[in-house]
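Chemist: Could you work out the structure for the sequence below:
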Amino acid sequence: MPSESEPTEKVVAQNRRARHDYFILETVEAGLVLTGTEVKSLRLGHASLGEAYATIDSGEAWVRQLHIPPYEQGNRWNPDPVRPRKLLLHEREIHRLDEAVSRKGHTLIPLKLYFSRGHAKLLVGVARGKKSYDKRHAMAERDAQREIERARGRERRER
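Modeler: This is a model prediction of the structure:
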């Protein structure tokens, strides 16, 4: 039984570029269909979301290009590291995501892969791509916020 101080979530991989390249409109937590050696590899912290994307095909949600390297102590039947993996979602969630993706310029991007209460979960976001001027604007806002924090720190030290 985890205590109050222990986190119930262990992050395996994050897609940090996603928030830079896309506006995240909504997020959904999905389970993953994995083999035993894939789970063992994930527990060691091995995974990459850099190239990954999600699709809806004939009423089922899939994540593609999610790289989970083979488990070193696994056997010769280790699965393909970048095979398509099924996402576990309710039917109404799949329909809602399918409608959201059908709009022009929207896509499904995996944001975070983690273990929650012992189960592998994938946080998937409905995203719209940013233009280069949007990225510059976001960087300028971040720099301005950083400068404000520096000024506050200098003000506190001068007191």
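Chemist: for the helix or strand Leu122 falls within, which positions count as buried?
Modeler: Per DSSP states H and E, Leu122 falls inside strand 119-129. For strand 119-129, the neighbour count (16 or more other CB atoms under 10 Å) marks Ala120, Lys121, Leu122, Leu123, Val124, Gly125, Val126, Ala127 as buried. (Each C-beta comes from the backbone N, C-alpha and C, glycine too.)
Chemist: which helices and strands sit right next to the helix or strand just after it?
Modeler: Later in the chain than strand 119-129, the nearest helix or strand by DSSP H and E is helix 132-158. Here helix 132-158 touches helix 16-21, going by 3 or more CB pairs under 8 Å, 6 or more residues apart in numbering; DSSP states H and E.
Chemist: Setting aside sequence neighbours, what's the nearest residue to Ser41?
Modeler: Distances taken as CB to CB, 6 or more residues apart in numbering place Tyr71 nearest to Ser41, at 4.4 Å, with adjacent residues excluded.
Chemist: Verify the stated contact: the one you found with Arg43.
Modeler: No. When contacts are counted by CB atoms under 8 Å, Tyr71 is not listed as touching Arg43 (9.3 Å).
Chemist: Show me which of these two is the more surrounded one.
Modeler: Tyr71 (20 against 13; other CB atoms under 10 Å).
Chemist: residues contacting the residue most central in space within the chain?
Modeler: The centroid of the chain falls nearest to Leu111 when counting by CA atoms, centre = their mean (1.7 Å). Counting by CB atoms under 8 Å, 6 or more residues apart in numbering, Leu111 makes contact with Gln14, Asn15, Ala18, Arg19, Ile24, Thr27, Leu49, Leu123, Val124, Gly125.
Chemist: so how far is Gln73 from it?
Modeler: If you measure Leu111 against Gln73 using CB to CB, to the nearest Å, the figure is 30 Å.
Chemist: how about low-confidence regions in the protein?
Modeler: 1-7 (pLDDT under 70).
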